[in-house]
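*Asks:* From the sequence below, what's the structure:
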Amino acid sequence: MRLGYLLAAAFLLNVPFGYWRTHTRKYSPAWFLSIHAPIPFVVALRLALGFNWAWVPLLLVASVAGQYLGGRLAPRPGD
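*Replies:* Predicted coordinates for the structure are as follows:
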């Protein structure tokens, strides 16, 4: 149950950052920050819930999925 909360938090935390990422110039400081800013929060939550390094790959998948969804939710030029 705690793993589900952790994965959901990693996913949901990354959705707004993925949205923001689509409005920044690729490889700019803002783009870099939009990808990396959620990491300390996910790490802190992982440690607070008592999960070890073995769960990092799964958290990475959830975070990337959140970034992807956030990017897909952003309006495209001409929409």
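
*Asks:* Residue 45 and residue 10: what is the separation?
*Replies:* 8 Å (CB to CB, to the nearest Å). C-betas here are computed from N, CA, C, even on glycine.

*Asks:* quick one: which of the two has more around it?
*Replies:* For residue 45 versus residue 10, neighbours defined as other CB atoms under 10 Å are more numerous around residue 10 (26 against 16).

*Asks:* From residue 50, how far out is that one?
*Replies:* Applying CB to CB to residue 10 and residue 50 gives a distance of 15 Å.

*Asks:* Kindly report the same for residue 62.
*Replies:* For residue 62 relative to residue 50 (CB to CB), the value is 18 Å.

*Asks:* try residue 68
*Replies:* 28 Å.

*Asks:* of those two, who's got more company?
*Replies:* For residue 68 versus residue 50, neighbours defined as other CB under 10 Å are more numerous around residue 68 (14 against 8).

*Asks:* you'd agree the more buried one is up against residue 18?
*Replies:* Yes - shown here, residue 68 and residue 18 form a contact pair, counting by CB atoms under 8 Å, at 6.4 Å.

*Asks:* so where is the protein shaky, pLDDT-wise?
*Replies:* 78-79 (pLDDT under 70).
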